[in-house]
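In: Predicted model follows, preceded by the sequence.
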Amino acid sequence: MATITVAASSLKPLGDRVLVKVLAQEEKTAGGILLPDTAKEKPQVGEVTAVGEGRITDKGDRLPLEVKVGDKVLYAKYAGTELKVAGEEYILLAEKDILAITL
Amino acid sequence: MATITVAASSLKPLGDRVLVKVLAQEEKTAGGILLPDTAKEKPQVGEVTAVGEGRITDKGDRLPLEVKVGDKVLYAKYAGTELKVAGEEYILLAEKDILAITL
Amino acid sequence: MATITVAASSLKPLGDRVLVKVLAQEEKTAGGILLPDTAKEKPQVGEVTAVGEGRITDKGDRLPLEVKVGDKVLYAKYAGTELKVAGEEYILLAEKDILAITL
Amino acid sequence: MATITVAASSLKPLGDRVLVKVLAQEEKTAGGILLPDTAKEKPQVGEVTAVGEGRITDKGDRLPLEVKVGDKVLYAKYAGTELKVAGEEYILLAEKDILAITL
Amino acid sequence: MATITVAASSLKPLGDRVLVKVLAQEEKTAGGILLPDTAKEKPQVGEVTAVGEGRITDKGDRLPLEVKVGDKVLYAKYAGTELKVAGEEYILLAEKDILAITL
Amino acid sequence: MATITVAASSLKPLGDRVLVKVLAQEEKTAGGILLPDTAKEKPQVGEVTAVGEGRITDKGDRLPLEVKVGDKVLYAKYAGTELKVAGEEYILLAEKDILAITL
Amino acid sequence: MATITVAASSLKPLGDRVLVKVLAQEEKTAGGILLPDTAKEKPQVGEVTAVGEGRITDKGDRLPLEVKVGDKVLYAKYAGTELKVAGEEYILLAEKDILAITL
């Protein structure tokens, strides 16, 4: 039975989905975001590595995404589908589960 | 592993989301709002520090938000995602969870 | 930490929300409305003190509200968000939770 | 504290709501409707005493109601909000909870 | 208190509702429909005796019904509201709960 | 009380409904479909014997069905309403519960 | 009773459905995707072997699918309907349950 090897760079999200590389959250300095333990829905920080072409409306138009490759984003931790590629953690999200871009 | 430092000023909410700095609620004078303990859904007061560009309709139009940076707002406490940046509490909300602006 | 003082007159509801001052319901005369204890969803009487500009449709149009400041209204008691301002009770409601106007 | 007195004739339902005066159901003759005890959702008979101006569509058009003042209607008993005005029972219903008109 | 007498012929369903007279199901011959006891949702057979004028769309157009008076129909037993008029069983259904017409 | 006899050939599904004759599934050869016991939602095979004219859109247009009489189809077993006509099993389905046509 | 034999090549998904042949996942190399046991919703890898013609909009237009025959895809494991044809595992999915294409 053949082994499936898929590089992260070869994953193309469909529709309004976004591939995000999970970033480390071990330490937060005074200027950084600190997510309280009491938070109902803990957000995390990641970097967008691939985006879909956008969802298609009922009229057949495609609505492009707001986020683009390279954006650092805050996203809801419990959304999406986790993947591990070459030892790195990724998450596949619908764009609506991205809360903010960090400029 | 690199530390992520994100200043509150660099957070750009997506779509119809709004970043709100939580304001103190320790004392309320006679003219102020007092939220009864029996309230089903306790609102809180905060100040808008960043707004998204608005959600995109099925036609590809963007609907701008009603609130703007600097607005003091009442919002539903149990909505949104809590953040702590540089010791200050923030909340990321969808605009629909903002109940009123205090003029 | 600064105290927040917000006068009721300075609260501007967003979208299709309405600010209603709760009216007394202690006695009901023969010509008045009497809400039976067996009612599934007890309505209450209040006076509209501020209205939003109306919700925005998918086309970007704003749909103005049917109720206006000064209207006395029946509303579903368990809807909305209770506030107390300067000792008076208020409720912030979506217009759809207003059942009727009393002419 | 002032007493609120609202005559039934002064209640104006909002949107697609209808005010219905509950009619007696004590006896049913052979030609009349008899609601079996086994009915899942017992309908009742009432008379429309006030109607809203209709709901407003996303385009800002108002859709007038099908029922009018004076219509005798069958409605789902467990829908709406019960009121008692001057000793008479009324119910505030959305038009969709009215099942049929009795011609 | 007056007795309400409503003849079945005077009931006019609203919107997309249909009045159906329940037909007997005591025996089924070899050519007839036999509803297995294991059926998740037992259909029944009835005859349409009155129909609404159809629901009104968001544009204010009325969509006429597919069934007409005299049609024999299969419908989902657990849908709708049961009535008994002059000893006969009727059911008030939304057209979407009618499964098929028997030609 | 009259006996109702309805032949399968006289059943006309309404809207987007489809009448399907259940086909035998006793043996599956190597080239056939075998539905694993672990399947969450077991599909079955049947033959379309009647189709509705399609659902009517909000604009009053009718959207014809994709399946036609004679098509062999895979459908979700737990959808629809089971019927038995002249000893044969049938199922009345919404077209959306048909998964695939077997060419 | 006749045996039903349906080859995988003869299955034509309806609407926005996609037939996917499940691929082996036994070993994952360093460059491959490794799905953590802690993943909330484990994705799987498969190859598209047939696609529907797309769903039909309310206007009667057909929206073609983004995936095509031969695409290798990541999909949500718990979505869709499992089939076994000639000893091979397949899954019938709605396109929205496909997360990404592996280029």
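Out: Now that the structure is in, tell me what you want to look at. Numbers count the residues shown, from 1 in each chain, chains lettered A, B, ... in the order given.
In: How about the residues of chain A by chain C?
Out: With C-beta under 8 Å from any C-beta of the partner chain as the criterion, chain A does not come near chain C at any residue. Just so you know, the C-beta spots here come from the backbone N, C-alpha and C atoms, and that holds for glycine as well.
In: pLDDT weak spots in chain A?
Out: For chain A, the stretches with pLDDT under 70 are A:1-8, A:24-42.
In: If the residue nearest the centre of chain A is in a bridge, with which residues?
Out: Centroid-nearest residue in chain A: A:Val20, 3.0 Å away (criterion: C-alpha atoms, centre = their mean). When bridges are taken as DSSP bridges, the partners of A:Val20 come out as A:Val48, A:Ile91.
In: and the spatially closest residue to A:Ser10 that is not a sequence neighbour, how far is that from A:Leu65?
Out: The shortest distance from A:Ser10 to any non-neighbouring residue, by C-beta to C-beta, 6 or more residues apart in numbering or on different chains, is to G:Leu103 (4.5 Å). Separation of G:Leu103 from A:Leu65 (C-beta to C-beta, to the nearest Å) stands at 18 Å.
In: Compare those two (neighbour count), which wins?
Out: Looking at G:Leu103 and A:Leu65 with other C-beta atoms under 10 Å in any protein chain shown, you find the greater number of neighbours at A:Leu65, namely 22 against 12.
In: How is the more buried one assigned, secondary-structure-wise?
Out: The three-state label given to A:Leu65 by DSSP: H, G, I helix; E, B strand; the rest coil is coil.
In: list the contacts for it?
Out: Applying C-beta atoms under 8 Å, 6 or more residues apart in numbering or on different chains, we find A:Leu65 in contact with A:16, A:18, A:51-52, A:54, A:95.
In: ok so, going back, what distance do you get for the residue nearest to the centre of chain A to C:Thr49?
Out: As it turns out, when the distance is counted by C-beta to C-beta, A:Val20 lies 46 Å from C:Thr49.
In: Likewise for A:Val85?
Out: For A:Val85, the distance to C:Thr49 equals 57 Å [C-beta to C-beta].
In: Report the separation between the two terminal residues of stretch A:57-69.
Out: Between the start and the finish of stretch A:57-69 there is a gap of 23 Å, counting by C-alpha to C-alpha, to the nearest Å.
In: Give the buried residues for it.
Out: Across stretch A:57-69, burial judged by 16 or more other C-beta atoms under 10 Å in any protein chain shown covers A:57, A:63, A:65-67.
In: Distance to B:Gln44 for those - can I get that in CSV?
Out: Formatted as CSV, the buried residues of stretch A:57-69 follow (distance: C-beta to C-beta, whole Å):
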residue, distance to B:Gln44
A:Thr57, 36
A:Leu63, 33
A:Leu65, 32
A:Glu66, 28
A:Val67, 29
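In: Closest one of those to chain B?
Out: Sorting these by how near they are to chain B, with C-beta to the nearest C-beta, puts A:Thr57 at the top with 4.7 Å.
In: which SS state does the closest residue to that closest one other than its chain neighbours fall under?
Out: Closest residue to A:Thr57 apart from its sequence neighbours, by C-beta to C-beta, 6+ apart: B:Asp58 at 4.7 Å. When classified by three-state DSSP, B:Asp58 comes out as coil.
In: which residue ranges form the strands in chain A?
Out: A:11-13, A:17-22, A:33-34, A:43-51, A:55-56, A:62-63, A:72-76, A:81-85, A:88-94, A:98-102 (DSSP state E).
In: could the ones you listed be laid out in TSV, adding distance to F:Gly80?
Out: TSV is the format used below for the strands of chain A (distance: least, C-beta to C-beta, whole Å):
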stretch	distance to F:Gly80
strand A:11-13	35
strand A:17-22	32
strand A:33-34	51
strand A:43-51	39
strand A:55-56	29
strand A:62-63	35
strand A:72-76	37
strand A:81-85	31
strand A:88-94	31
strand A:98-102	39
